[in-house]
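# just need the structure, nothing else, for what follows:
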Amino acid sequence: MQVTETKSEGLSREFQVSLPAKDIEDKISHRLKEIAESASIPGFRPGKVPVSMLRKRYGPSVMGEILERAVGDSSQQALTEKGIRPAAQPEIEITSFEDGKDLEYIIRLEMLPEIKPIDYSKLKLERLNPKPDEEQLNGALENIANANKTTEPIAKKRKSKTGDVLVIDFVGSVDGEEFPGGKADDYQLELGSGSFIPGFEEQLTGSNVGDDVEVNVKFPDEYGAAELAGKDALFKVAVKEIREGTAAELNDELAKKLGIESLDKLKETIVEEQSREFKQLARLRLKRTLLDQLADVCDFETPQKMADGEFNSIWEQYEEQKKQAAESEDGEAATNEDDLSDEEQQVEFRQIAERRVRLGLLLSEIGRENNIQILQDDITAALTEEARKYPGQEQSVMEFYQGNPEAMQQMSAPLYEEKVIDFILEMANVTDKDVTTAELMKALEADDEKAEKTKKKPKKSTAKASTDKDDGKKAAPKKKKAPAKKAEKKD
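Sure, this is the predicted structure:
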């Protein structure tokens with residue numbers, strides 16, 4: 001085999017490979033002899049079929065098989081001998097092959113960049129350790145009490161106000177005609193709940209028992225029933241009763257109603273949940289700070305195809321969000337909060353894409369160099385944590401991931417990244433600081449403001465790209481719907 005480098009520009013490489021015709025012929029003959037051992041052709045006993053006849057019958061398919069295997073094996077050997085690690089699957093182009101002549105082909109690829117070791121001790125980080133306080137606990141308990149409140153008719157006659165529950169009869173019509181689902185008796189409507197179309201509840205605020213109110217509203221353009229979407233409607237409403245809500249009493253009975261044995265146990269559960277959520281936010285902040293510092297010391301070249309692929313993924317998401325925003329009642333105003341043109345947005349997204357790829361390569365190299373691996377215990381713990389997000393559906397969640405390799409891979413990738421992050425943090429200069437949850441949220445807000453200012457400053461190099469838009473958003477974790485059993489970005 002002869003390998004000649006024909007191009008070396010940055011990370012791009014191109015090689016001309018030539019395989020002797022004799023090597024190809026030897027492989028074809030060997031394969032035909034293997035086929036001869038089991039080939040069944042009328043007039044010949046198994047194993048006695050002449051190779052010449054086999055070549056005539058099976059030659060084209062064997063040739064294709066041998067060429068594919070020869071190119072695959074030789075290209076891998078060539079790259080290994082050259083000490084090249086491809087950033088993606090190499091492109092192969094066969095340039096010359098005829099029966100009895102040498103096989104010649106070209107390998108085109110982008111190689112992974114050389115990543116120099118980092119002195120982790122120079123990374124200075126602050127790890128916040130938040131602890132839920134009494135105020136957080138009381139706030140959660142108050143929300144639970146309000147969510148389980150009871151209502152009683154008001155003791156004294158007065159006008160309705162936000163928070164009251166009205167017992168009403170109503171009939172709705174469009175263009176003078178009643179429509180299906182537009183009528184109800186003894187309906188209980190909480191004013192301010194937003195459960196009816198915009199404008200409905202507001203026109204009933206300030207009403208008295210016994211009032212007949214004509215409510216004029218317009219169905220939203222995106223209303224579920226197409227025949228009503230965007231239409232003006234009139235609702236004739238009879239106010240029959242005004243009821244005041246009373247928060248449920250915080251006691252063991254309420255806790256049992258929620259499936260927990262006692263009020264004390266409910267409080268423990270709330271504190272545990274709050275601790276977990278705030279620790280996740282603190283971890284996210286620490287990780288984001290670490291990635292920012294790592295991005296500042298990443299000065300190696302980024303494989304262009306990897307950066308292009310990441311950019312295309314980001315741009316597709318942006319275009320989809322832009323389309324959805326344009327279709328919503330907020331219109332185009334919601335598509336780009338920074339009022340950037342598409343060209344300016346592309347520049348920013350390319351910086352984000354390069355940053356993501358660069359950090360991904362760095363973390364991958366750190367993991368490879370230090371033999372960091374995901375253990376079965378790590379996967380089991382992650383599956384258990386994921387299943388906890390879907391109370392009552394834990395088993396189906398576990399089965400979904402165990403029977404879906406793609407979903408399992410999507411779970412494993414972040415696990416690997418987190419293990420690499422932990423490895424770096426063990427050697428970095430990290431100081432711990434106990435804080436209240438309020439102080440944590442304030443720190444997160446300050447980080448977001450700093451990131452926004454950094455993002456708007458001119459950048460001298462894409463290696464110094466600002467913190468990614470969705471790096472470490474400080475939204476509290478949300479409950480999710482259980483994944484379907486069937487199969488369906490990121491610093």
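
# buried ones in whichever helix in the chain runs longest?
Longest helix in the chain by number of residues, with DSSP state H as the criterion: helix 263-297. For helix 263-297, a neighbour-count test (16 or more other CB atoms under 10 Å) marks 263, 266-267, 270-271, 274, 278-279, 281-295 as buried. Just so you know, the C-beta spots here come from the backbone N, C-alpha and C atoms, and that holds for glycine as well.

# quick one, strands of the stretch 51-200 of the chain?
Here the stretch 51-200 of the chain has its strands, by DSSP state E, counting those that start in this stretch, at 91-96, 103-110, 124-131, 150-153, 165-174, 177-190.

# same for the longest helix of the chain, what does it pack against?
On a contact count with 3 or more CB pairs under 8 Å, 6 or more residues apart in numbering; DSSP states H and E, helix 263-297 meets strand 124-131, helix 134-147, helix 252-257, helix 342-369, helix 405-427, helix 437-456.

# turn the strands of the stretch 51-200 of the chain into a markdown table, including distance to residue 206, mean neighbour count and mean pLDDT.
Listed next are those as a markdown table, based on distance: least, CB to CB, whole Å; neighbours: other CB atoms under 10 Å; pLDDT from 0 to 100:
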| stretch | distance to residue 206 | mean neighbour count | mean pLDDT |
| --- | --- | --- | --- |
| strand 91-96 | 72 | 12 | 90 |
| strand 103-110 | 68 | 19 | 93 |
| strand 124-131 | 43 | 16 | 94 |
| strand 150-153 | 18 | 12 | 87 |
| strand 165-174 | 11 | 18 | 94 |
| strand 177-190 | 14 | 13 | 91 |
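
# reformat those as CSV; add distance to residue 383.
What follows is these, written out as CSV (distance: least, CB to CB, whole Å):
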stretch, distance to residue 383
strand 91-96, 38
strand 103-110, 35
strand 124-131, 26
strand 150-153, 40
strand 165-174, 43
strand 177-190, 39
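
# residue 3 against residue 76, yeah?
No - with contact defined as CB atoms under 8 Å, residue 3 and residue 76 do not form a contacting pair (11.9 Å).

# neighbour-wise, which of the two wins?
residue 3 (16 against 12; other CB atoms under 10 Å).

# which residues does the more buried one contact?
15, 16, 17, 78, 81, 82 (CB atoms under 8 Å, 6 or more residues apart in numbering).

# and it, what's its pLDDT?
Residue 3 is assigned 91 on the pLDDT scale.

# any idea how far residue 171 is from residue 181?
11 Å (CB to CB, to the nearest Å).

# please apply the same query to residue 324.
34 Å.

# what's the answer for residue 1, then?
86 Å.

# contact partners for residue 274?
So residue 274 contacts 132, 136, 137, 140, 437 (CB under 8 Å, 6+ apart).

# can you tell me what sits against stretch 111-123?
Contacts of stretch 111-123 (CB under 8 Å, 6+ apart): 11, 13, 84-87, 290, 293-294, 297, 300-303, 361-362, 365-366, 369, 424, 427-429.

# give me the domain ranges for this protein.
As recorded under automatic domain parsing, the domains making up the chain are 2-110, 120-136+263-303+341-464, 150-246.

# now the two most distant members of the contacts of residue 274.
Across those, no pair lies farther apart than 140 and 437, at 11.6 Å, counting by CB to CB.

# now for the strands of the stretch 51-200 of the chain, which one comes closest to residue 351?
It's strand 103-110; of the strands of the stretch 51-200 of the chain, that one is closest to residue 351 (CB to CB) at 19.5 Å.

# quick one: strands adjacent to the closest one?
Strand pairing for strand 103-110, using DSSP bridges, gives strand 12-19 (antiparallel), strand 91-96 (antiparallel).

# now the shortest one, how far from the chain's geometric center?
Put simply, strand 91-96 sits 37 Å off its chain's centre (CA atoms, centre = their mean, to the nearest Å).

# identify the residues contacting it?
Outside strand 91-96, the residues that reach it (CB under 8 Å, 6+ apart) are 16, 67, 71, 75, 102, 103, 104, 105, 106, 107, 108, 109.

# possible to save those residues as JSON lines with distance to residue 344?
Converted to JSON lines, the contacts of strand 91-96 look like this (distance: CB to CB, whole Å):
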{"residue": "16", "distance to residue 344": "42"}
{"residue": "67", "distance to residue 344": "49"}
{"residue": "71", "distance to residue 344": "44"}
{"residue": "75", "distance to residue 344": "41"}
{"residue": "102", "distance to residue 344": "52"}
{"residue": "103", "distance to residue 344": "49"}
{"residue": "104", "distance to residue 344": "47"}
{"residue": "105", "distance to residue 344": "43"}
{"residue": "106", "distance to residue 344": "39"}
{"residue": "107", "distance to residue 344": "38"}
{"residue": "108", "distance to residue 344": "33"}
{"residue": "109", "distance to residue 344": "33"}
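
# among these, which two are most distant?
102 and 109 (22.0 Å).

# would you check that residue 285 makes contact with residue 445?
No - counting by CB under 8 Å, residue 285 stays clear of residue 445, with 10.8 Å between them.

# which element, helix or strand, includes the spatially closest residue to residue 211 that is not a sequence neighbour?
Counting by CB to CB, 6 or more residues apart in numbering, residue 211 lies nearest to residue 239, which is 4.6 Å off, once chain neighbours are set aside. Element membership of residue 239, judged by DSSP states H and E, is strand 232-246.

# ok, that strand: who's next to it in the sheet?
strand 150-153 (antiparallel), strand 165-174 (antiparallel), strand 212-218 (antiparallel).

# distance check, residue 77 against residue 2.
For residue 77, the distance to residue 2 - CB to CB - is 12 Å.

# contacting residues around residue 305?
Residue 305 touches 87, 88, 110, counting by CB under 8 Å, 6+ apart.

# repeat that for residue 201.
189, 191, 192, 193, 194, 195.

# quick check: pLDDT value at the fifth one.
If I follow you right, that is residue 194. Looking at residue 194, the pLDDT reads 87.

# skipping adjacent residues, who's closest to it in space?
Using CB to CB, 6+ apart, the nearest residue to residue 194 is residue 201, at 7.3 Å.

# how about the last one?
Ranked by CB to CB, 6+ apart and with sequence neighbours excluded, the top spatial neighbour of residue 195 is residue 189, at 6.9 Å.

# also the third one?
Take residue 192 and drop its neighbours on the chain: the residue closest to it by CB to CB, 6+ apart is residue 162, 3.9 Å away.

# distance check, that neighbour against residue 360.
49 Å.

# quick one, which of those two is more surrounded?
More crowded of residue 162 and residue 360, by other CB under 10 Å: residue 360, with 18 against 11.

# among the contacts of stretch 111-123, name the buried ones.
11, 13, 84, 86-87, 290, 293-294, 301-303, 361-362, 365-366, 424, 428.

# shaky segments in the protein?
Low-confidence segments of the chain, defined by pLDDT under 70: 38-40, 42-49, 51, 59, 327-339, 454-491.

# residue 229: which element?
Per DSSP H and E, there is no helix or strand for residue 229.

# quick one: it and residue 197 touch, right?
No - the pair residue 229 / residue 197 is not scored as a contact, 10.9 Å apart, by CB under 8 Å.

# overlap in contacts, the two.
Joint contacts of residue 229 and residue 197 (CB under 8 Å, 6+ apart) are 219, 220, 223.

# out of those, name the ones that lie in helices.
Short answer: the shared contacts of residue 229 and residue 197 have none in helices (DSSP H).
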